[in-house]
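Undergrad: 3D model of this:
(one chain, ligands or ions: 1)
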Amino acid sequence: MSSEKSDNASADGSGAMFDQIAADYDRLNRILSFGMDTGWRKWVAKQLSERSPNPKALLDVACGTGDLAISLREVFADPPIVGLDPSEGMLRHALKKDDRSGYLQGDGRLLPFADNSFSIVTVAFGIRNIRPREKAFAEFRRVLQPGGIVAILELCQEKRGLSGWLARIHTRFVVPILGGAFARSDAYRYLQTSIAEFPGPGEFAEELKENGLEVMLQKPFGLGAARLFLCRV
Ligand SMILES: C[S@@+](CC[C@H](N)C(=O)[O-])C[C@H]1O[C@@H](n2cnc3c(N)ncnc32)[C@H](O)[C@@H]1O
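TA: Got it, this is the predicted structure:
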């Protein structure tokens, strides 16, 4: 499958790479998404609360600085929410911003939880960094209760058509100019190549299905720059 690349912990996209940009990460997200990324996460959280109003517990894989866990907490007042990420630097920021959820250092390919522990697993802008993705998908299935939901928000862009063209303009020109100006340029070169290498929406939906995750809903954001895949196991 297309995600068979590297298991190397020091590779691009790893927790070690994110440690180096953790201090700038939130600011850069706002700049590169023209302030839209916060609204995308809130939309995901609201959609989940409508589909699963009383979840047992929620897991946010590749939680980074905690922005999705914080949006989830806005709509899910009571259930435990756990954010997991390998980057100590990113988690430090999450803990500073949010004391209402639990944060844990770990790898999405080897989740430190018992089977059937969660009703919802989310990943925002993280699945691109986890390789091979199949290992993470198998873990999501294992820790979810039967009928559980996986929400994946990713910079997954059409390869053709107007929205593909607009997304490529953003990735090729806006990301390196703004990313290079405000942060380490190698990290933003990685962002550029990893977006280009990520499968398009149709191919990714097929990959999810092959891995036991049936897509119930796809929703593009930001003129097709990002896309939500809402799946059931
Ligand atoms: C682009 S950030 C996304 C952060 C956050 N979810 C958000 O919405 O802003 C990607 C995150 O993936 C994490 N990551 C990298 N490899 C991972 C792995 N094997 N398992 C889980 N997370 C991983 C990185 O440490 C980083 O925090």
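
Undergrad: Where do the strands of the protein begin and end?
TA: Under the criterion DSSP state E, the chain carries strands at the ranges 58-61, 81-85, 102-105, 118-124, 144-154, 214-221, 226-232.

Undergrad: What pLDDT is listed against L104?
TA: Listed pLDDT for L104 reads 98.

Undergrad: For it, give the beta-bridge partners.
TA: L104 has the following beta-bridge partners by DSSP bridges: L84.

Undergrad: Do I have it right that it meets I81?
TA: No. Here L104 does not reach I81: they are 11.3 Å apart, not a contact under C-beta atoms under 8 Å. Just so you know, the C-beta spots here come from the backbone N, C-alpha and C atoms, and that holds for glycine as well.

Undergrad: neighbour count winner among these two?
TA: Neighbours per residue (other C-beta atoms under 10 Å) separate L104 from I81, with I81 holding more: 26 against 14.

Undergrad: quick one: the residue sitting nearest the centre point of the chain and N116, what's the gap?
TA: The centre of the chain sits closest to A124, judged by C-alpha atoms, centre = their mean, with a distance of 2.0 Å. As for A124, its distance to N116 is 23 Å (criterion: C-beta to C-beta, to the nearest Å).

Undergrad: ok, now V75?
TA: Using C-beta to C-beta, V75 is found at 23 Å from N116.

Undergrad: What segments of this structure are helices?
TA: With helices called from DSSP state H, the chain shows them at 15-32, 37-51, 67-75, 88-97, 133-143, 161-169, 175-182, 185-197, 201-210.

Undergrad: what about the third one and the ligand, any contact?
TA: Yes. Applying C-beta under 6 Å from any ligand atom, one finds that helix 67-75 is in contact with the ligand at 67-68.

Undergrad: Alpha carbons only: can I get that helix in CSV?
TA: C-alpha atoms of helix 67-75 as CSV (Å, rounded to 0.1, in the frame of the first residue of the first chain):
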residue,chain,number,x,y,z
ASP,A,67,-6.1,22.3,19.7
LEU,A,68,-8.5,19.5,18.6
ALA,A,69,-8.7,18.1,22.2
ILE,A,70,-9.6,21.6,23.3
SER,A,71,-12.4,21.8,20.6
LEU,A,72,-13.6,18.4,21.6
ARG,A,73,-13.9,19.5,25.3
GLU,A,74,-16.0,22.4,24.2
VAL,A,75,-18.7,20.0,23.1
